[in-house]
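>>> sequence? don't have it. structure:
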Ligand SMILES: CC(C)(COP(=O)(O)OP(=O)(O)OC[C@H]1O[C@@H](n2cnc3c(N)ncnc32)[C@H](O)[C@@H]1OP(=O)(O)O)[C@@H](O)C(=O)NCCC(=O)NCCS
């Protein structure tokens with residue numbers, strides 16, 4: 001694995017403080033064949049946060065060696081953040097989910113974002129039916145201190161690029177109805193249909209298959225805006 005790209009600069013909103021130099025430990029082994037590492041530069045602070053922090057994060061596929069760092073990350077998340085991800089008061093990552101996310105199996109692709117030895121986010125793309133390439137579920141958990149800095153947008157783009165490379169026509173996401181703003185992140189990627197149960201919105205995002213509508217694999221809404229500018 002090697003560093004293949006620098007992420008889009010998402011930090012224009014906050015200004016300017018360069019991040020501290022960050023040292024990364026060796027990546028845990030991953031069985032994902034086309035694994036890539038990407039350095040992503042996020043905003044140095046969330047809007048309204050008191051002090052700017054570091055900006056560089058390493059995003060790479062998750063591996064079995066990430067378990068302890070992810071459990072520590074879970075412990076740093078507020079109950080609200082955990083509730084938003086799992087829609088319940090869970091005390092730890094669901095065991096089967098985490099084991100599968102870290103295993104590098106074809107049915108479950110997961111990315112972690114790292115700040116030095118810390119893992120600060122887990123993003124996953126999990127086939128809705130193992131063995132079927134019809135649909136996959138998206139799930140992202142970012143610890144509180146790293147929210148609202150552009151990381152979620154980057155991780156979503158990474159998952160969607162992966163979904164495109166698998167030729168998945170549909171992506172599914174569940175969110176609290178109070179998180180309507182997530183629709184603004186999803187809808188540029190395709191046609192969204194929503195179903196509601198109390199407090200929860202389930203979204204099915206119909207992804208244009210690469211080649212359809214002239215949409216290349218790995219297309220990001222940002223690319224479109226850049227071209228239009
Ligand atoms: C949801 C989540 C993945 C979003 O990631 P993020 O890094 O915080 O979001 P970003 O900084 O990339 O924000 C992208 C845009 O979404 C919107 N947005 C993000 N957080 C928002 C919030 N709390 N309220 C309103 N709008 C918000 C904004 O338009 C933002 O763009 P802007 O900052 O340029 O205005 C992250 O907050 C998270 O992990 N939350 C807890 C778990 C969860 O809710 N997961 C989603 C269901 S699986």
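Now that the structure is in, tell me what you want to look at. Treat the numbers as computed from the prediction; the structure is a model and nothing was measured. Numbers count the residues shown, from 1 in each chain.
>>> Would you enumerate the residues in contact with the residue of the chain with the smallest separation from the ligand?
For the chain, the residue closest to the ligand is residue 152, as judged by CB to the nearest ligand atom, at 1.9 Å. The way it works is simple: take the backbone N, C-alpha and C, and place the C-beta from them, glycine included. Neighbour list for residue 152: 140, 142, 185 [criterion: CB atoms under 8 Å, 6 or more residues apart in numbering].
>>> nearest spatial neighbour of residue 87, skipping sequence neighbours?
residue 200 (6.2 Å; CB to CB, 6 or more residues apart in numbering).
>>> Hmm, the one you found is touching residue 84, no?
No - here residue 200 does not reach residue 84: they are 10.8 Å apart, not a contact under CB atoms under 8 Å.
>>> Which helix or strand lies directly C-terminal to the helix or strand bottoming out on mean pLDDT in the chain?
The element with the least model confidence among the helices and strands of the chain, by mean pLDDT, DSSP states H and E, is strand 3-6, at a mean of 38. Following the chain from strand 3-6 toward its C-terminal end, the next helix or strand by DSSP states H and E is strand 37-41.
>>> Please name every helix or strand in contact with that following strand.
On a contact count with 3 or more CB pairs under 8 Å, 6 or more residues apart in numbering; DSSP states H and E, strand 37-41 meets strand 3-6, strand 56-61, helix 151-166.
>>> Residue 168: what's it in contact with?
Neighbouring residues of residue 168 by CB under 8 Å, 6+ apart: 133, 134, 135, 136, 207.
>>> Check what pLDDT the first one gets.
Right, the one you point to is residue 133. Looking at residue 133, its pLDDT is 92.
>>> part of a helix, is it?
No - when the secondary structure is assigned by DSSP: H, G, I helix; E, B strand; the rest coil, residue 133 falls in coil instead of a helix.
>>> So what's the residue count around it?
In terms of burial, residue 133 registers 16 neighbours under the definition other CB atoms under 10 Å.
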